[in-house]
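*Asks:* Here is a sequence together with a model predicted from it:
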Amino acid sequence: MMSIITFFARRWIAGLTLAHALDVVEQLNRRGFFTTLDHLGEDVTNKEEADTSTDQYIAILHALKERNLDRNVSIKLTQLGLAIDPELCAKNLRRIVSAAVEVGGFVRVDIEGSQWTTKTFDVVKMVKTNVAPVGAAVQAMLMRSPDDVANLIDRDIPIRLCKGAYKESSTIAHQKHADIVKHYIALMKRMLTSGIYHGIATHDEEIIGAAKRFAEENHIARDAFEFQMLMGMRRKLQKNLIDDGWRLRIYVPFGKRWLPYMLRRLHEKRENMWFFISHLFKG
Ligand code: FAD
């Protein structure tokens, strides 16, 4: 089992150190991809660890600037102390967002399991001001998401729309693939007509096709939004998108705490397991 995971990890994780991750980002940026760097970690349980994660993210933003790379990072708020104290978490996020302002970067807040959804949006709203380069992520599978999308758009907060990677109960989340796709497409349309620069994060060709068609039919410029995909997934599709003139950001995770990230993707949903396996063959 361990060797299978290590095999997956090499393809889907940019390395254990920042130096490795910067090399991967550089290669991707050179080939025309935008990137977002995720320093793997979550569920921090003490203030010192939350402060350390914060300092590391600030150092990452400065390192990206020094190498003249895309200064975009993705962060889980449980890494910044959300489980300890939302005020502490907001303070940490504010420090990272200030560093992003300094280097001309952007901070994307990942969305975690549903026990964190409201608290995550609350912290993002606390930190967002007119000039704060910070965005949120929304899971199309959650039934609450149409309200969340409307609320975030009202506050001018850029959104990354994804299906949702966490197992959630049928009382709060759509379970069927077709339902999730239907709701995803409805939210995508709402977002693309908002005038805010959002991210459409999926490897699902049905949704990607629907987004392209919707943008073309509604004269939404190709640089008015971006697609987003995970490193190592559907690499041919990734290349085709940028060759056709669409914007694509690659989510690049790195760091020593890669195991939870891999296990989540392999175990949380059966279809993700199939998704991973099928990609070994699709390339
Ligand atoms: P899939 O749903 O795996 O679909 C891919 C293909 O498989 C499609 O062709 C589809 O038709 C087919 N397929 C899949 N399942 C079925 C099925 N049951 N029946 C028939 N066909 C099927 N998640 C979070 O929770 N929080 C985040 O912050 C977050 N950030 C992300 C950032 C990026 C850049 C990306 C790309 C994903 C992120 N995710 C996040 C993960 C996301 O929520 C999904 O779990 C993951 O992307 C898989 O969904 P998909 O739409 O990419 O592809």
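*Replies:* Cool, the structure landed. Residues are numbered from 1 along each chain as shown.

*Asks:* Spell out which residues of the stretch 101-250 of the chain are next to the ligand.
*Replies:* Proximity of the stretch 101-250 of the chain to the ligand, by Cβ under 6 Å from any ligand atom, involves residues 110-111, 137, 139, 162-166, 177, 201-206, 228-230. For glycine as for every other residue, the C-beta is placed from the backbone atoms N, C-alpha and C.

*Asks:* out of those residues, which are inside strands?
*Replies:* 137, 139, 162, 201, 228-230 (DSSP state E).

*Asks:* Distance of residue 45 relative to residue 19?
*Replies:* In this structure, residue 45 and residue 19 are 28 Å apart, going by Cβ to Cβ, to the nearest Å.

*Asks:* for residue 113, same thing?
*Replies:* Residue 113 sits 31 Å away from residue 19, going by Cβ to Cβ.

*Asks:* What segments of the stretch 101-250 of the chain are helices?
*Replies:* Under the criterion DSSP state H, counting those that start in this stretch, helices of the stretch 101-250 of the chain are mapped to 117-127, 145-154, 177-192, 205-217, 235-243.

*Asks:* Take these and lay them out in JSON lines including distance to residue 51 and mean neighbour count.
*Replies:* JSON lines is the format used below for those (distance: least, Cβ to Cβ, whole Å; neighbours: other Cβ atoms under 10 Å):
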{"stretch": "helix 117-127", "distance to residue 51": "16", "mean neighbour count": "19"}
{"stretch": "helix 145-154", "distance to residue 51": "27", "mean neighbour count": "17"}
{"stretch": "helix 177-192", "distance to residue 51": "34", "mean neighbour count": "18"}
{"stretch": "helix 205-217", "distance to residue 51": "38", "mean neighbour count": "15"}
{"stretch": "helix 235-243", "distance to residue 51": "35", "mean neighbour count": "15"}
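
*Asks:* got these as JSON lines, with mean pLDDT columns?
*Replies:* Shown next, in JSON lines, are the helices of the stretch 101-250 of the chain (pLDDT from 0 to 100):
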{"stretch": "helix 117-127", "mean pLDDT": "98"}
{"stretch": "helix 145-154", "mean pLDDT": "98"}
{"stretch": "helix 177-192", "mean pLDDT": "98"}
{"stretch": "helix 205-217", "mean pLDDT": "98"}
{"stretch": "helix 235-243", "mean pLDDT": "96"}
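
*Asks:* Ok, which of those helices comes nearest residue 87?
*Replies:* With distances scored as Cβ to Cβ, the stretch of the helices of the stretch 101-250 of the chain nearest to residue 87 is helix 117-127 (8.6 Å).
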